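1. sequence plus predicted model, see below.
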Amino acid sequence: MTPVGALEASALGAAMRDSAGLYPLAEIVHTLGIALLFMAAGANAALFQVITFRTADVWDAEAMRPLGPPPSARIAGAAWLVLWMSVIACGRLLAYF
C-alpha cells in the first residue's frame, strides 16, 4: 500500500470523510498557517531593515568585502528563503488538503 493509500485508510482519513466540519476546519487552519508565514516573512524583512541594513555601508566597504556579509544578514537571508519556500509549498498544497 502506498503512503497516500495508508493515509486514506487511516482513522484520520475516515474522520475527514465522515465529519462535516473537520475538512473545513483543516482548510481554515491551513489558511491561517499561510497567513502566519506571510506575517513572519514581513517581520523578517522589517527586522532586516531595522537591524542589519542600517549598517550596510560599513560591511559593504571595500576593506570589509573579503569578510562577506555579517551573520545577521546571512540569517535574515536564510530565514527569507525558508519562509517563502514554505509559503509557496503551503499555497500549492492548499488545493490538495
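-> Structure's in. What do you need?

2. contacts, neighbours, all on C-alpha from now
-> Noted.

3. ok, Pro3 to Ser10 distance?
-> 10 Å (Cα to Cα, to the nearest Å).

4. ignore what I typed, I meant Leu83.
-> 31 Å.

5. between those two, who's got more neighbours?
-> Using other Cα atoms under 10 Å as the criterion, Leu83 and Ser10 rank with Leu83 on top: 20 against 12.

6. mind listing what that one touches?
-> 37-38, 40-41 (Cα atoms under 8 Å, 6 or more residues apart in numbering).

7. can you give me phi and psi for Ala95?
-> phi -70, psi -20 (degrees, to the nearest 10).

8. could I get the pLDDT score of it?
-> The confidence metric pLDDT takes the value 73 at Ala95.

9. okay, the contacts of Leu83 in TSV with neighbour count, distance to Arg92 and secondary structure next?
-> Shown next, in TSV, are the contacts of Leu83 (neighbours: other Cα atoms under 10 Å; distance: Cα to Cα, whole Å; DSSP: H, G, I helix; E, B strand; the rest coil):
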residue	neighbour count	distance to Arg92	secondary structure
Leu37	20	14	helix
Phe38	16	15	helix
Ala40	16	19	helix
Ala41	20	18	helix
